[in-house]
Each structure stands twice: as C-alpha cells, then as structure tokens.
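S.K.: pasting the sequence and the predicted coordinates here, then a few questions.
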Amino acid sequence: MRDSNHMPTRGGAAEAAPPISSPPHPRITEVFDVLDRSAVPWVLLRGQDELARPSGDVDILVSPQLVPRLDGMLASVGFSRMLSPGRGTHRFYFSYDVDTALWLKLDIVSDLAFGPYQQWRSSLAVGCLQRRSRNEAPPRPAAPDQAWLHLLHLLLDRGNITGRRLSLARSLVDEASPHGAIASFLEQVAGAGAARRILAAAHSGQIKEVHKVVAGLRAAWTRTAPIGTRCRRVANRARRVVHPPTVQGSAHTGLSVAVMGPERVGATSLLQGLSEGFPVPSKRVSMNGWVVGRHDPVLRTVSSRWSLARLSGFLRRRVVSYHLARGRLVLLHQVAYEAGMLTSRSSSIADPLSSLPARRSDLRTGVLIALEGPDQVRPGAGEDRDGWTPTDADGVFLLDATLPPAELQSRATRLVWDRFVAQAEPQVRW
C-alpha cells in the first residue's frame, strides 16, 4: 500500500476527510457496487479523495467470508487478480482503462497486519468493520480508526521513516485518539501509555524521537510472538524472491512483445511505453544479433553450421526463455530479421542449436504489434472495440500508426494486458 493516499491538511493540523468533490472513476464505482451487493462488511481504508483518478492503490478491507468470492466478483467488472506470494492476506487486482489511459489497482486485505513483510499481526480488522461509518459512500472506518490505521501504516510498513512520511503521520495525530479500541490494543502490545507515546513522537516531528518510539513498538510486538513473527518475516521475504508476480491462471509464464512498423512511426517509443505501470516486471531484450561476424569463417572451418551470428541468436532466445519462465513482460527490440520467421522458418534436425531441448514452445508465445503508416492503413479494415485489427496469424495485431501517440499507447497497452491475462497460445514464432 502506498503512502500517496493521505488525508489533506491545512496549517499542519489534521482535518476530517473532505467530501469527494468528484465521483469515483467509473471502474472503481463498479467495484464498490459489486462489493455492496455482496451484503458483507467492507471499508475503504484510505485515499477517498483520489478515487476519481487513483494515483496508487485503492486499499480495501473486507470480511474474511468474502475472500472466496472476490476473484469471481471482481472479474465480472474487469479486474484480474495478480498472484503475489509473500504479502500476507493482500490480494492485488488490476485493470487497464483505455478511455482514461489509467492503470487501476485494488489492494484488498482481510486482516490488518503491519511491517514490510506483514510480520506483525493484529486482531483489529473485525472491530474496524463493526465500527465502520455506515452513512458514507463508500463505507470507511470510523474517523479515529482510519487515522490510527494510516498512522501505523506510515510508521511500521517501511524500514525507514522519511521526512515526507513523518509529515503525513504528524497530520493524523489529532484524529488518532489516545483512547479507543486501537489505542487499547497498542497498550496491550507495548505497555501502558504506548498510544500516547506514539502520538507525542509523531506530533514532535523529530525523526530520532519517532524512530526510538517505533523501534520500541516493533520490539514489543515481536515479543508477543517471537518465533511466529520472525518466521513470517523470513518466509514472506523468501516467497517474494522465489515466486514472481503473475496473473492468476496464467500458467505462470510471461509474455513477449514486439512492435514493428515503417520508419518514424514511433515503434520504439510504443514498445518502451508498455512497461510503464505494467503489473509485472518487464525486461528489454535486443534481438539485433543475427549478423555475420568477422570470426564466422574460422567457425565454419570447424562446422558449416556454427557461426557467431547463429550462436548469438541462440543465446538471445535463451535469455528470452528465462524471463518468460519468470513471468515477466519481455520487450523484444529490433526484431526485423526475426519477423521473417512469422511466415517461414527453416531449421534442420541436424542443426546442433535447433536440436537442443532449450528450443521450447514458450518462445513462440508472444504478441507482434504491426503499426500501419498513413499509406498502409487499409480502408474498411475491421477493428474490434479497442481499436486493433487481428490478422490471420494468431498473436499478430495491426494498429493504426496515424492515431495520436497517447491513444495509440493506450490501445497497445490494453491489447498486451488482455493478452497477458488470457495467456492464449499464439502461433507467432520468435
């Protein structure tokens, strides 16, 4: 959860959350509606003033009984779950809106745990849902609960407390009462007066004082379950390294994407823009290695089938294979030579490179976006609702390069995201 979602302040004093000046993004409204229809308690944790165009996560707390139904409910309004092990009960859902060129991300939890690896658990979720404000849309925690939860998020969920995070924490002090359920929980964890010490340190604005108080809270919280807390930290950290984020049901493979088109139509810029905001890590791989090398004559004296050009191409394919296996978005640059393989592919069983087991079908999984320039756009070409034209070759799509750059980028991003989610088996062969 990001700290970009915070309550605004004036003159350093916290104010009550302002009314929403503009309606939420239509896709977010659909999410709220489907959650409301479940008749199960839920609350928007923070960021209520940024819902029209969310700049970060939309953080939501739901009752555990809703969790088994979440995937289906949110899929019905166009959100796909991104599996991201090692993050406690956090469930991430993504959608891309073409009209606003905006990535929308939901971060939904069914309990309240703190720390960079969710190692400090609490029993606060049930009470927060019970005390939620019922006369607001979307429903939110009671004002003191909302302030405390945001304050603890700022102080505990990162290793270091920066000046900006401290400034945000200071703005929450007046709303976070030293009395109430969350304050009582903190005193059970860290001793009498713990809530007041936290509020006083945050109000002081002194980073050293805040670090001291927060270090004491972290240590005390760890002592309540020393083995479990440390094990969760180590296990969650390891899961994040071992298991890369991937779309649920995607067979845990990534997607390779190439963009081709006439000169000066922005193919390179379009390809680079695909990685901005994409839910999974992306890697750029240049495929411009299939050229005749100066040592090729020497290699040919050993074998007529070996050359630096062929070896270079083989190694690049293995790099692509590795990144795909890690579930990444692989951006293939300079694939003009390789594109010829879309219609013809020559290989020999005796070729020592092509016969290796590493030549797998996962290298054939990908998307080729062909940009059509002003003289190439075919009149009457049938486009689907998102503005691209599928071709006879599965995985190859035509886009009108004469579109405004922002619109072209938005349509290409939606195309790639839909393909990533679908994880189809295109016939493109790289």
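M.R.: On my side now, so go ahead.
S.K.: export only the CA atoms of stretch 150-164, formatted as CSV.
M.R.: What follows is stretch 150-164, C-alpha atoms only, in CSV (Å, rounded to 0.1, in the frame of the first residue of the first chain):
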residue,chain,number,x,y,z
HIS,A,150,-2.9,5.2,8.4
LEU,A,151,-0.5,6.3,11.1
LEU,A,152,0.6,2.7,11.8
HIS,A,153,1.0,2.1,8.1
LEU,A,154,3.3,5.1,7.8
LEU,A,155,5.4,4.2,10.8
LEU,A,156,5.6,0.4,10.5
ASP,A,157,5.3,-0.7,6.9
ARG,A,158,8.7,0.6,5.8
GLY,A,159,12.2,0.1,7.2
ASN,A,160,12.9,3.8,7.4
ILE,A,161,10.7,6.8,8.2
THR,A,162,11.4,9.6,5.8
GLY,A,163,10.6,13.2,6.3
ARG,A,164,7.6,13.0,4.0
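S.K.: give me the contacts around that stretch.
M.R.: 1, 3, 6-7, 45-46, 114-116, 120, 165-166, 168-169, 172-173, 176, 198, 202, 207, 210-211, 214, 217-218 (Cβ atoms under 8 Å, 6 or more residues apart in numbering). Using the backbone N, CA and C atoms, a C-beta is placed for each residue, glycine as well.
S.K.: are any of those residues buried, and if so which?
M.R.: Buried positions within the contacts of stretch 150-164, assessed by neighbour count (16 or more other Cβ atoms under 10 Å), are 1, 3, 6-7, 45-46, 114-115, 120, 165-166, 168-169, 172-173, 176, 198, 202, 210, 214, 217-218.
S.K.: so which of the residues you listed belong to helices?
M.R.: Counted as lying in helices by DSSP state H, out of the buried ones among the contacts of stretch 150-164, are 165, 166, 168, 169, 198, 202, 210, 214, 217, 218.
S.K.: pretty sure residue 93 belongs to a strand, no?
M.R.: Yes - counting by DSSP: H, G, I helix; E, B strand; the rest coil, residue 93 is found in a strand.
S.K.: partner residues bridging it?
M.R.: According to DSSP bridges, the partner residues bridging residue 93 are residue 81, residue 106.
S.K.: wait, it touches residue 83, no?
M.R.: No - assessed by Cβ atoms under 8 Å, residue 93 is found out of contact with residue 83, at 10.9 Å.
S.K.: neighbour count winner among those two?
M.R.: Higher neighbour count among residue 93 and residue 83: residue 93, with 25 against 16, using other Cβ atoms under 10 Å.
S.K.: quick one: contacts for that one?
M.R.: 70, 74, 79, 80, 81, 82, 105, 106, 108.
S.K.: any of these buried? List them.
M.R.: If you count burial by 16+ other Cβ under 10 Å, the buried members of these come out as 70, 74, 79, 80, 81, 82, 105, 106, 108.
S.K.: just give me the closest of these to residue 126.
M.R.: Nearest to residue 126 among these: residue 108, at 16.2 Å, using Cβ to Cβ.
S.K.: need the three-state assignment for residue 332.
M.R.: Following three-state DSSP, residue 332 is assigned to strand.
S.K.: count of neighbours near it?
M.R.: Residue 332 has 24 neighbouring residues, counting by other Cβ under 10 Å.
S.K.: separation between it and residue 395?
M.R.: Using Cβ to Cβ, to the nearest Å, residue 332 is found at 13 Å from residue 395.
S.K.: next one: residue 93
M.R.: 26 Å.
S.K.: which pLDDT value goes with the residue nearest the centre of the chain?
M.R.: Nearest to the mean C-alpha position of the chain, by Cα atoms, centre = their mean, lies residue 279 at 3.2 Å. On pLDDT, residue 279 comes in at 88.
S.K.: in this structure it contacts residue 104, no?
M.R.: No - at 10.6 Å, residue 279 does not count as touching residue 104 under the criterion of Cβ under 8 Å.
S.K.: which residues do the two both contact?
M.R.: Common neighbours of residue 279 and residue 104 (Cβ under 8 Å, 6+ apart) are residue 94.
S.K.: what about the helices in the stretch 201-350 of the chain?
M.R.: Taking DSSP state H, counting those that start in this stretch to define them, one finds helices in the stretch 201-350 of the chain at 207-224, 226-242, 267-273, 296-302, 308-325, 336-339.
S.K.: so which of the ones you listed comes closest to residue 133?
M.R.: Smallest distance to residue 133 across the helices of the stretch 201-350 of the chain (Cβ to Cβ): 27.0 Å, for helix 207-224.
S.K.: and that closest one, what does it pack onto?
M.R.: Packing partners of helix 207-224 (3 or more Cβ pairs under 8 Å, 6 or more residues apart in numbering; DSSP states H and E): strand 120-121, helix 143-156, helix 163-171, helix 181-190, helix 194-204, helix 226-242.
S.K.: list the buried ones in the longest one?
M.R.: Buried residues in helix 226-242, counted by 16+ other Cβ under 10 Å: 229, 232, 233, 236.
S.K.: in TSV: those, plus distance to residue 65 and pLDDT.
M.R.: Below are the buried residues of helix 226-242 laid out as TSV (distance: Cβ to Cβ, whole Å; pLDDT from 0 to 100):
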residue	distance to residue 65	pLDDT
229	26	95
232	23	95
233	28	94
236	24	93
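S.K.: tell me where the protein is predicted with low confidence.
M.R.: Within the chain, the ranges that satisfy pLDDT under 70 run 1-21, 248-252, 263-264, 288-313, 335-365, 373-394, 423-430.
S.K.: what's the domain layout of it?
M.R.: Domain ranges of the chain: 9-242, 249-422, per automatic domain parsing.
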